[in-house]
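Enquirer: The sequence and its predicted three-dimensional model are supplied below.
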Amino acid sequence: MTLTIAIDGPAAAGKGTLSRRIAEEYGFQHLDTGLTYRATAKALLDAGLPLDDEAVAGKMARNVELAGLDRSVLSAHAIGEAASKIAVMPAVRRALVEAQRAFSQRGPGTVLDGRDIGTVVCPDATVKLYVTASPEVRAKRRYDEIVAGGAAADYDAIFEDVKKRDERDMGRADSPLRPAADAHLLDTSEMSIEAAFQAAKTLIDAALQKKI
Ligand code: CDP
Ligand code: CDP
């Protein structure tokens, strides 16, 4: 039996950071599903193809390779914007969800993070966490990341962007961002990365105890 940990939540809630720590702790394989949307978007942008043609975008999504997905080459703001636009298309979601589900079955266990893991991709996941934080805290985290990277950042613009991303993720008809009914809620607004990890570990250990 493969153990699957599903981690969902809005942009900059700390899903990626938490997922990587958890995968390391339990020796599980990790997939940041946001990268599959970003890779599809980048392929369209690189080929000069339109972002509003669902058949074309769906075909691109079917060609995305999970091996070698790298956030550093997919991190551009324009790629994130394009990813969030094509993520509303059912043909894109169907193709990527199929690849994500196949990944979730890998042994000895997997951690997937995204927006619809607990609700759509892995509804039978062993443990589901919904990680969140206030929009102000999430915008500050993105701001700090950019400044730490040596670039200039505009907090107000980032805050508006976070809110816009939330609206698009929560408002779309296909697989909107929302906590699964059986997800554990983890609000990290006032938590350090370490505190969030310890809280997640307690929840995961309790769920694994019941399964084994
Ligand atoms: O994957 P997601 O967009 O949800 O967020 P992330 O990339 O894991 O985290 C966004 C930023 O917030 C990173 O720079 C983390 O180091 C930081 N963070 C934090 O300061 N406190 C937390 N409890 C979680 C993340
Ligand atoms: O850029 P940001 O950190 O907000 O998000 P990301 O995790 O890199 O994902 C890029 C975009 O893909 C998001 O804006 C979501 O709209 C979309 N996405 C999704 O629809 N479903 C997922 N499971 C993961 C990402």
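Expert: Arrived safely. Ligands and ions are numbered 1, 2, ... in the order given.

Enquirer: any idea what sits nearest the residue most central in space within the chain, other than its immediate chain neighbours?
Expert: Computing the C-alpha centroid of the chain and ranking residues by CA atoms, centre = their mean puts residue 114 first, at 2.4 Å. Excluding its sequence neighbours, the residue lying closest to residue 114 (CB to CB, 6 or more residues apart in numbering) is residue 33, at 3.5 Å. Yep, even glycine has a C-beta here, placed from its N, CA and C like the rest.

Enquirer: what does stretch 66-74 rub up against?
Expert: For stretch 66-74, contacts defined as CB atoms under 8 Å, 6 or more residues apart in numbering pick out 16, 31-32, 35-36, 38-39, 42, 99, 103.

Enquirer: cutoff 10 Å now
Expert: Residues from elsewhere that reach stretch 66-74, judged by CB atoms under 10 Å, 6 or more residues apart in numbering: 16, 31-39, 41-42, 79-80, 83, 96, 99-100, 102-103.

Enquirer: among these, which ones are buried?
Expert: 16, 31-39, 41-42, 79-80, 83, 96, 99-100, 103 (16 or more other CB atoms under 10 Å).

Enquirer: Could you list which of these also contact ligand 1?
Expert: residue 16 (CB under 6 Å from any ligand atom).

Enquirer: Narrow the buried ones among the contacts of stretch 66-74 to those in helices?
Expert: Here DSSP state H is the test, and the buried ones among the contacts of stretch 66-74 give 16, 34-39, 41-42, 79-80, 83, 96, 99-100, 103 as lying in helices.

Enquirer: how far away is residue 194 from residue 115?
Expert: 25 Å (CB to CB, to the nearest Å).

Enquirer: Show me which of these two is the more surrounded one.
Expert: The residue with more neighbours, out of residue 194 and residue 115 and counting by other CB atoms under 10 Å, is residue 115; that gives 25 against 9.

Enquirer: does the closest residue to that one other than its chain neighbours belong to a helix or a strand, and which?
Expert: Of all residues not flanking residue 115 in the chain, residue 177 sits nearest, at 4.3 Å (CB to CB, 6+ apart). Secondary structure assigned from DSSP states H and E places residue 177 in neither a helix nor a strand.

Enquirer: residues touching residue 177, list them.
Expert: For residue 177, counting by CB under 10 Å, 6+ apart, the contacting residues are 8-11, 114-116, 119, 130, 132, 165-166, 168-171.

Enquirer: do that again at 8 Å, thanks
Expert: 8-10, 115-116, 166, 169-170.

Enquirer: tally of neighbours for the closest residue in space to residue 130 that isn't next to it in sequence?
Expert: Nearest non-adjacent residue to residue 130, counting by CB to CB, 6+ apart: residue 179, 3.8 Å away. Neighbour count for residue 179, taken as other CB under 10 Å: 17.
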